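>>> have a look at this fold, sequence not included:
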């Protein structure tokens, strides 16, 4: 076991030493990998941020029921009770015409204009929230029809359409990001594979001699696998740094923009889990790319004496 | 130690380098393979080291039939023998010490053991003080001695050398041959391909002549060592 560890440690240090000795070409490869990993990471985080910000009302679909003018408060209270009886309804709040006028006066700043009207133009209304498990589009439509069938009801408004649209857009974006990630991942694989291939051929003499003195394929392959692993790791590390830099640079402006719309939307920073996943994916791609190149090209190099 | 039984080698390009070589080398022997360039000396060495396999016939090395050895077992097989080349094949960007240590690393020998054995091998060829030099900082003769140290560091029972003195002047050649003899004296079987006739004649070891399609043993009875045609 100790021998096994030492052997791997040696290969690891050997591979690291070689990367350090060719800093420029190492840097180029790492930058290419980092850019390929940064793009999907950044888009993925942006989508997560939007979902995080909209998560509260994405599930909070509600139905507003406006009664006809002339319906009394008692009638409205009776109808609210009826609504509460219906299955799938979580909460029913009665907003009386007076309450509605008061909050409208407070919030809108049209108080003076309302005074001119004299009469309260607002009807009584119900705010109905379905249970989360009974909020599918079909169930909402059935609830809407049930409410609209009441003769006292003027208008039923279901506030779920924009939420559904947003969710659909986010879903589409998520798939786009996923597709792009897969493509860029294949790109990383190819970049690392090609780099390793070039390195294998530039060290052909060394590989031949190693095989001549009895080096097994695994022994010859090991430093190349570590090289691939390093490329992937360094690329992912740089990608994480680039994402962090991007969030640092954009975070302030995004916060100000969101604040101007009265939102507390902010960009999510990658946590330990996201960074861990990024490093893991980078190292996996590095190892896989190196393995593919080594399997293909090392076997072709056989010693000639 | 080595037995060729009507071994043939035809290369993919159609050239038949060996069309039936039969000879034996006993354990502890030191023999010279002589003959002109292209006569098949290198092919015989390649068949011994399993760099090539015979197309027909049999090659036994160290009690093993090389034709039956799977590809996965070749590295372990090669670790049991030491090889020395005319151009010594040292890795120029690694130190003398690292070059000699390479076979031990390949054999997964523990590091402490490697240090000890590399020093011992370098000491045997008289280059212990050059351990940290790069091969190109050494003279040609010294480079060849490093090549020999690399070949013997794994303590092989069989040492094969392809024109080890090809690039050396007579005095240096004699010195290198002396190094081989010292290993032979402690029991290592040594097979050297060379066209350095003067040394071979003065040496007194057995000589196998690979020439004009024949492998001959001038010192022994042809009946004892059946020799079959080797064409080019």
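That came through, no problem. It should be emphasised that the depicted structure is a prediction, and the values quoted were computed from it without experimental measurement. Numbering: from 1, shown residues only, chains lettered A, B, ... in the order given.
>>> break chain B down into its structural domains.
Domains of chain B are assigned by automatic domain parsing as B:1-80+B:156-232, B:87-154.
>>> turn the ones you listed into TSV, including mean neighbour count, mean pLDDT and distance to residue A:88.
In short, each C-beta sits where N, CA and C put it, glycine included. Shown next, in TSV, are those (neighbours: other C-beta atoms under 10 Å in any protein chain shown; pLDDT from 0 to 100; distance: least, C-beta to C-beta, whole Å):
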stretch	mean neighbour count	mean pLDDT	distance to residue A:88
domain B:1-80+B:156-232	18	82	67
domain B:87-154	19	92	69
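>>> can you put the ones you listed in JSON lines and add distance to residue A:123?
JSON lines is the format used below for the domains of chain B (distance: least, C-beta to C-beta, whole Å):
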{"stretch": "domain B:1-80+B:156-232", "distance to residue A:123": "86"}
{"stretch": "domain B:87-154", "distance to residue A:123": "87"}
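>>> output the ones you listed as JSON lines; include the columns distance to chain A.
Below are the domains of chain B laid out as JSON lines (distance: least, C-beta to the nearest C-beta, whole Å):
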{"stretch": "domain B:1-80+B:156-232", "distance to chain A": "3"}
{"stretch": "domain B:87-154", "distance to chain A": "4"}
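>>> tell me which of those domains lies nearest to residue A:39.
domain B:87-154 (37.8 Å; C-beta to C-beta).
>>> measure the closest one end to end?
20 Å (C-alpha to C-alpha, to the nearest Å).
>>> counting contacts, what elements does the helix or strand of chain A with the lowest mean pLDDT pack onto?
Every helix and strand of chain A was ranked by mean pLDDT, DSSP states H and E. The lowest is helix A:111-117, at a mean of 73. Applying 3 or more C-beta pairs under 8 Å, 6 or more residues apart in numbering or on different chains; DSSP states H and E, one finds that helix A:111-117 contacts helix A:97-108.
>>> can you pull out the helices in the chain?
I went with chain A, as the question did not name one. A:2-21, A:23-58, A:73-85, A:97-108, A:111-117, A:137-148, A:161-202, A:204-212, A:217-260, A:272-297 (DSSP state H).
>>> wait, chain B was what I had in mind.
Using DSSP H, helices in chain B cover B:41-48, B:74-79, B:96-106, B:111-124, B:140-152, B:170-185, B:197-203.
>>> closest to residue A:11 out of the domains of chain B?
Closest among these, using C-beta to C-beta: domain B:87-154, at 9.6 Å.
>>> how far does the closest one sit from its chain's centre?
17 Å (C-alpha atoms, centre = their mean, to the nearest Å).
>>> repeat for stretch B:169-188
Mean-position distance between stretch B:169-188 and its chain equals 13 Å (C-alpha atoms, centre = their mean).
>>> who touches that stretch?
B:28-30, B:124-125, B:140-141, B:144-145, B:148, B:152, B:156-159, B:161, B:164-165, B:168, B:190, B:192, B:196, B:198-199, B:203 (C-beta atoms under 8 Å, 6 or more residues apart in numbering or on different chains).
>>> ok, now stretch A:19-35?
Contacts for stretch A:19-35 (C-beta under 8 Å, 6+ apart): A:188, A:191-192, A:195, A:227, A:230-232, A:234-239, A:242, A:282, A:285-286.
>>> and what of stretch B:83-102?
With contact meaning C-beta under 8 Å, 6+ apart, stretch B:83-102 is reached by A:205-206, A:208-210, A:212-213, A:215, A:305, B:49, B:114, B:118, B:121-122, B:127, B:130-136, B:138, B:143-144, B:146-151, B:153, B:159-164, B:166-167.
>>> could you do stretch A:41-48 as well?
A:170, A:173-174, A:177, A:180-181, A:239-240, A:243, A:246-247, A:267-268, A:270, A:274, A:278.
>>> try it again with 10 Å
Stretch A:41-48 has contacts (C-beta atoms under 10 Å, 6 or more residues apart in numbering or on different chains) with A:34, A:169-171, A:173-174, A:176-178, A:180-181, A:184, A:236, A:239-240, A:242-243, A:246-247, A:250, A:254, A:267-270, A:274-275, A:277-278, A:281.
>>> mind listing what the nearest residue to residue A:77 once chain neighbours are set aside touches?
Once flanking residues are discounted, residue A:77 sits nearest to residue A:94: 6.2 Å by C-beta to C-beta, 6 or more residues apart in numbering or on different chains. Contact partners of residue A:94, counting by C-beta under 10 Å, 6+ apart, are A:65, A:73, A:76-77, A:79-81, A:83, A:124-127.
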